[in-house]
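Enquirer: Okay, predicted coordinates and the sequence, questions at the end:
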Amino acid sequence: MPTASLRFGNVLPEVFESTDAEFLAALKWRDHETQLRPDADTEGDLKTVGLAWKQQCLEHRTHKVQSRFATLDRVLANDQGAVPMELLALRENKPRARSKKKAAKADSTLTREAQAEQEQTLRHWLATGRQTDDAIVLLGCLELLLFRADQLAAQTVGELWRWTLSAALRLSEQLIEIEEGDETEQMLDSEVVLRVAIASGLLPWLCGLFFDDVKGAPKLAKSGRKSLTSLFVSGTDDGGAPTASVVRGLGDWLALWTDTLIAGRRFKQPLWKDSQERRFVSFLKTTTSLAMDAEPSLNCELLGTLAELIESKPDDSWRTGLNAVLHGIKHETDDAPKKKDIASWQSDTCSIACLRTSWRPDASRISVLHDRRMLTIDMMINGRPFAVGDWGLQVMNNGERLELTSDWECCCWYTDKEVDYAEWTATANGGVKVGRYALLHREAEYAVLADVIKNASPVRVDVTSTLPLIDAWTGSGLPGTREQAFLHGQHAVRAFPLMLPQDVGLGTSGNVAHRPGEFSLTTAATGGGLFSPLVLDWNSKRLKTEAEWRELTITEAGQLDHTSGRGFRIALGKHNLLLMRGLRSITRYRTVLGYQTWNETVVASLNKDGIFDEILLVEQ
């Protein structure tokens, strides 16, 4: 054939149909001394290339856990037909363990015979499928080269290498880089974000590293790095916290970076600059607070892999907690957390608030995404998922159902050694103000979820709040009271809908309802405003303690005014909690139980001497 130049950025279609000798002769190498280039005596011999690649495979497995691409696992979980069976059969093979026992040798022989048949099938596919231009198939071939080449015959590896390089050369002609900006942020919301990220970022990065000896490969790797960096920047805030869109597809996102960084380590090519590496460490820390439960999960395993691949301190609190989950290490009781060790965080940019009691695997957590009109809640109690999904809300204003006319905004965030608190507000039609808040107490083991309505009709406003319970939890009401109980094996949560009268004999326009996977609370009020708190308590010492709650009278500068605000007191044995919320602006102080305040929100405990211990104060 005529003399041709084959390199990344310069593709000649006729070369792909050439013989092996012509293909290798057409390749332009960056280094004439490259180990993969056949010498003059073996020019055109793919077996020689395969032997050279297999020799390098001793360095391939630099990570003790990873043995295939996590991104490919994610794709195949939704589309088993994305990769030909010829590749799937080999990717399932595991390294053969040597044994001196005759029986083990017989089994090994059978395995070798089966693998030889699989290899023959693969070689037939490689010979007939050279024009397949599919990014996922290319990813499957790269996986075999990286993780399985040392198990294959040299001739098979050489033929696989040629097919994969040919596909990578064609890919380099079709690249569309991911640019940082609004379009990238919109892509994060797409269901095909992983496939786009693979084609535009991961594959150019991998192919540039795998075929670094071929001219143009560094430019291809640079293109992949640029696209991956743009994607990472768009998917995190300046501090490295993940956006709500990323959290919704967290498994795909973690798989992408796992494969990216493993390849970078294998080929000694760092993906990040120092500043980006620090941002990525922050991403892992904040993501761990969202994803770490008492039981190991795939996301936890990927986070553990990523933590080993980057330069973070092994004794950081988040890594200690993550290792405890992955290795079944019993976590000792925490002392009061230092400010830097608090696991909670909030980001307006990311539309996320994460309230978490500690870095322990058995911590309690409330994370809320507010990027959509329906808030999404992920509540965990003592390391076990409790409520995950849409935190439902329906507001009826004088019989008319309201719709939100604005996005949710996190108007208040507070965290200290004792509590975490987050509040969100939105506007509904007619200028009605809708608010919700979550409070999580670290040591006392309780939470408050509350709904707040302002500027509503003075005639009546009804609110229905819905928690998406995990199926493992069953709920029911206690006889003679409106206290609710949720059970999961030996674990129990008590719930107190404070706006409803405790005694079921007292009439009310509200109610509670239990349905499979759902708990709802409906409350109603007049006067233009509503404050409906739900207290959730899981402290084992208070499990059988008698509860008592009632609504409190609120005055404004000594004058009774039901529109000024609402307050409640709940007593669980010696534990007394006061909740007060203002429902309109004031020019004079409010008083509740003798406690005078100008604040809009008050959460306080009442000790045995009648002294208020202020837990949280929010100004109006």
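Expert: Good, I have the coordinates.
Enquirer: To which secondary structure element type does residue 396 belong?
Expert: Judged by DSSP: H, G, I helix; E, B strand; the rest coil, the three-state class of residue 396 is strand.
Enquirer: how much space between the residue nearest to it when sequence neighbours are not counted and residue 377?
Expert: Among residues not flanking residue 396 along the chain, residue 462 sits closest, at 4.1 Å (C-beta to C-beta, 6 or more residues apart in numbering). C-beta coordinates here come from the backbone N, C-alpha and C atoms, glycine included. Taking C-beta to C-beta, to the nearest Å as the measure, residue 462 falls 21 Å from residue 377.
Enquirer: Was I right to think the residue nearest to residue 396 contacts residue 393?
Expert: No. Using C-beta atoms under 8 Å, residue 462 is not in contact with residue 393; the gap is 11.5 Å.
Enquirer: Surely the residue nearest to residue 396 is within a strand?
Expert: Yes. According to three-state DSSP, residue 462 belongs to a strand.
Enquirer: Look up which residues are beta-bridged to it.
Expert: Residue 462 has these beta-bridge partners by DSSP bridges: residue 396, residue 524.
Enquirer: show me the contacts for it.
Expert: Counting by C-beta atoms under 8 Å, 6 or more residues apart in numbering, residue 462 makes contact with 395-396, 509, 522-524.
Enquirer: how about a cut-off of 7 Å?
Expert: Contacts for residue 462 (C-beta atoms under 7 Å, 6 or more residues apart in numbering) come out as 396, 522, 524.
Enquirer: what does residue 46 give?
Expert: The contact partners of residue 46, taken as C-beta under 7 Å, 6+ apart, are 20, 155, 158-159, 162.
Enquirer: and the residues you listed as JSON lines, adding neighbour count, pLDDT and secondary structure?
Expert: JSON lines is the format used below for the contacts of residue 46 (neighbours: other C-beta atoms under 10 Å; pLDDT from 0 to 100; DSSP: H, G, I helix; E, B strand; the rest coil):
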{"residue": "20", "neighbour count": "17", "pLDDT": "86", "secondary structure": "helix"}
{"residue": "155", "neighbour count": "17", "pLDDT": "93", "secondary structure": "helix"}
{"residue": "158", "neighbour count": "25", "pLDDT": "93", "secondary structure": "helix"}
{"residue": "159", "neighbour count": "23", "pLDDT": "93", "secondary structure": "helix"}
{"residue": "162", "neighbour count": "20", "pLDDT": "92", "secondary structure": "helix"}
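Enquirer: all helices for the stretch 1-150 of the chain, in order.
Expert: Assigned by DSSP state H, counting those that start in this stretch, the helices in the stretch 1-150 of the chain fall at 20-26, 46-56, 70-78, 85-91, 102-128, 135-147.
Enquirer: hey, least reliable of the ones you listed by pLDDT?
Expert: Of all the helices of the stretch 1-150 of the chain, mean pLDDT reaches its minimum on helix 102-128 (a mean of 73).
Enquirer: Restricting to C-alpha, output stretch 377-384 in CSV.
Expert: Output in CSV follows, covering the C-alpha atoms of stretch 377-384 (Å, rounded to 0.1, in the frame of the first residue of the first chain):
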residue,chain,number,x,y,z
ILE,A,377,-35.0,14.4,51.9
ASP,A,378,-32.6,11.7,53.0
MET,A,379,-33.0,11.0,56.7
MET,A,380,-30.9,8.4,58.5
ILE,A,381,-31.3,7.4,62.1
ASN,A,382,-28.4,5.7,63.9
GLY,A,383,-26.8,4.8,60.6
ARG,A,384,-30.0,3.3,59.2
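Enquirer: Now that stretch: average pLDDT?
Expert: Stretch 377-384 carries an average pLDDT of 96.
Enquirer: what about that stretch, distance to the chain center?
Expert: Offset of stretch 377-384 from its chain centre (C-alpha atoms, centre = their mean, to the nearest Å): 14 Å.
Enquirer: Give me the residues contacting that stretch.
Expert: With C-beta under 7 Å, 6+ apart as the criterion, stretch 377-384 contacts 293-294, 361-368, 386-388, 391, 488, 491, 493, 538.
Enquirer: ok, now stretch 218-227?
Expert: Contact with stretch 218-227 is made by 8-9, 172, 175, 177-178, 200-202, 204-205, 207-209, 212, 269, 271, as judged by C-beta under 7 Å, 6+ apart.
Enquirer: circling back: minimum distance to residue 481: which of the helices of the stretch 1-150 of the chain has it?
Expert: For residue 481, the closest of those is helix 70-78, at 46.0 Å, according to C-beta to C-beta.
Enquirer: In PDB, list the C-alpha atoms belonging to that closest one.
Expert: Extracted in PDB, the C-alpha atoms of helix 70-78 (Å, rounded to 0.1, in the frame of the first residue of the first chain):
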ATOM      1  CA  ALA A  70     -16.700   0.900  37.500                       C
ATOM      2  CA  THR A  71     -18.200   3.000  34.700                       C
ATOM      3  CA  LEU A  72     -18.700   0.000  32.500                       C
ATOM      4  CA  ASP A  73     -20.400  -1.800  35.400                       C
ATOM      5  CA  ARG A  74     -22.800   1.200  35.700                       C
ATOM      6  CA  VAL A  75     -23.700   1.100  32.000                       C
ATOM      7  CA  LEU A  76     -24.200  -2.600  31.900                       C
ATOM      8  CA  ALA A  77     -26.400  -2.500  34.900                       C
ATOM      9  CA  ASN A  78     -28.900  -0.600  32.800                       C
END
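Enquirer: Who are the packing partners of that helix?
Expert: Judged by 3 or more C-beta pairs under 7 Å, 6 or more residues apart in numbering; DSSP states H and E, the packing partners of helix 70-78 are helix 135-147, helix 193-197, helix 250-266.
Enquirer: Using neighbour counts, pick out the buried residues of it.
Expert: Buried residues in helix 70-78, counted by 16 or more other C-beta atoms under 10 Å: 70-72, 74-76.
Enquirer: repeat for stretch 598-608
Expert: By neighbour count on 16+ other C-beta under 10 Å, the buried set for stretch 598-608 is 599-604, 606.
Enquirer: Rebuild those residues as TSV, extending it with secondary structure and distance to residue 86.
Expert: Putting the buried residues of stretch 598-608 into TSV (DSSP: H, G, I helix; E, B strand; the rest coil; distance: C-beta to C-beta, whole Å) gives the following:
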residue	secondary structure	distance to residue 86
599	coil	69
600	coil	66
601	strand	63
602	strand	68
603	strand	63
604	strand	68
606	strand	72
